[in-house]
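Q: Sharing a model prediction with you, sequence too.
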Amino acid sequence: MLDGPKAQPICLCMTDLASFPDGFRALIVGASGGVGRALTTQLVDHSRCAEVFAASRSGVDIAGAQSLSINYDDPGSVEDAVLAAAEQGPLHLVIVASGVLVDDAGRGPEKSWRQIDADHMMDVFKINTLGPALVARSALDTLAKGDKTAPEKAVFAALSARVGSISDNRLGGWHSYRASKAALNQILKTCAIELARKRPHAACIGLHPGTVDTSLSEPFQGNVPDGKLFTPAYSAGRLLQVVDQVTAEQSGCVFDWAGDIIDP
């Protein structure tokens with residue numbers, strides 16, 4: 001890891017997730033990554049969460065979670081994984097925690113338009129935009145509704161980023177990553193509009209986890225201010241607080257780890 005600020009300590013104050021029904025069911029996609037694994041672990045340890053499904057390309061093994069295999073190159077595997085998670089009942093919380101900044105070929109964020117590369121951009125969009133869209137295509141129909149007398153809260157969320165905000169872009173660069181997250185935010189907004197008609201007590205949102213001490217951010221941690229590099233556990237804890245507090249009226253928004261709405 002490059003020299004940089006120390007990461008925040010583990011978040012010890014887990015939210016009670018009281019806005020979800022007791023015995024709620026959760027699916028984490030991208031559970032092999034730093035934030036995804038931390039989310040999965042905290043939900044497994046949560047007394048009110050009955051089942052946790054951990055989906056990843058590698059089929060990650062996390063104690064207490066049911067492992068599922070998912071590959072964005074195979075859209076059928078996405079549907080199969082979601083349906084397997086929903087086989088025993090509706091889902092109350094689905095979080096897509098997958099993401100890429102540097103691709104498998106070692107190509108990272110562009111510093112100039114001259115560095116735009118078609119293959120890199122397609123790889124980034126596949127994971128950051130298309131992947132969550134494929135999960136949404138299957139998962140939104142599996143979200144819990146409850147009944148008229150006892151509606152149940154449900155949340156679909158995907159990890160976005162502050163740099164996906166078009167209005168907040170003052171530095172330029174990072175063309176593929178910025179564009180892929182901006183496109184993701186539009187997909188989440190569009191899905192939220194449709195979701196409101198079918199499940200009025202559900203929310204579809206984006207989540208900005210902050211800069212987290214993972215392999216994704218490792219090459220870029222040198223410029224992170226002190227106290228702003230989070231451990232995966234700290235970030236996951238804050239994100240769970242956000243999904244606990246979010247309401248259906250806020251569906252379509254992108255929230256940062258502190259619960260503040262990020263401008264489009």
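A: Right, received. Where do you want to start? Numbering: from 1, shown residues only.

Q: Where do the helices of the stretch 101-250 of the chain begin and end?
A: Counting by DSSP state H, counting those that start in this stretch, the stretch 101-250 of the chain has helices at residues 118-125, 131-139, 175-198, 232-245.

Q: Could you give me the buried positions within the first one?
A: It refers to helix 118-125. Neighbour counts using 16 or more other CB atoms under 10 Å place 120-121, 123-125 of helix 118-125 among the buried residues. The C-beta positions use only the backbone N, C-alpha and C, and glycine is treated the same way.

Q: That one - contacts with which helices or strands?
A: When contacts are defined as 3 or more CB pairs under 8 Å, 6 or more residues apart in numbering; DSSP states H and E, helix 118-125 packs onto helix 175-198.

Q: Output the helix it packs on in CSV with nothing but the alpha carbons.
A: Output of helix 175-198 as CSV, limited to C-alpha atoms (Å, rounded to 0.1, in the frame of the first residue of the first chain):
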residue,chain,number,x,y,z
HIS,A,175,-13.5,9.5,-18.1
SER,A,176,-14.5,5.9,-18.0
TYR,A,177,-15.0,5.6,-14.3
ARG,A,178,-17.0,8.9,-14.0
ALA,A,179,-19.2,8.1,-17.0
SER,A,180,-19.9,4.5,-15.8
LYS,A,181,-21.0,5.8,-12.3
ALA,A,182,-23.1,8.6,-13.9
ALA,A,183,-24.8,6.0,-16.1
LEU,A,184,-25.4,3.8,-13.1
ASN,A,185,-27.0,6.7,-11.3
GLN,A,186,-29.3,7.2,-14.2
ILE,A,187,-30.3,3.5,-14.3
LEU,A,188,-31.0,3.6,-10.5
LYS,A,189,-33.2,6.7,-10.9
THR,A,190,-35.1,5.2,-13.8
CYS,A,191,-35.6,1.9,-12.0
ALA,A,192,-36.8,3.9,-8.9
ILE,A,193,-39.6,5.5,-10.9
GLU,A,194,-40.9,2.2,-12.1
LEU,A,195,-40.4,0.6,-8.7
ALA,A,196,-42.6,3.2,-7.0
ARG,A,197,-45.5,2.0,-9.1
LYS,A,198,-45.0,-1.7,-8.2
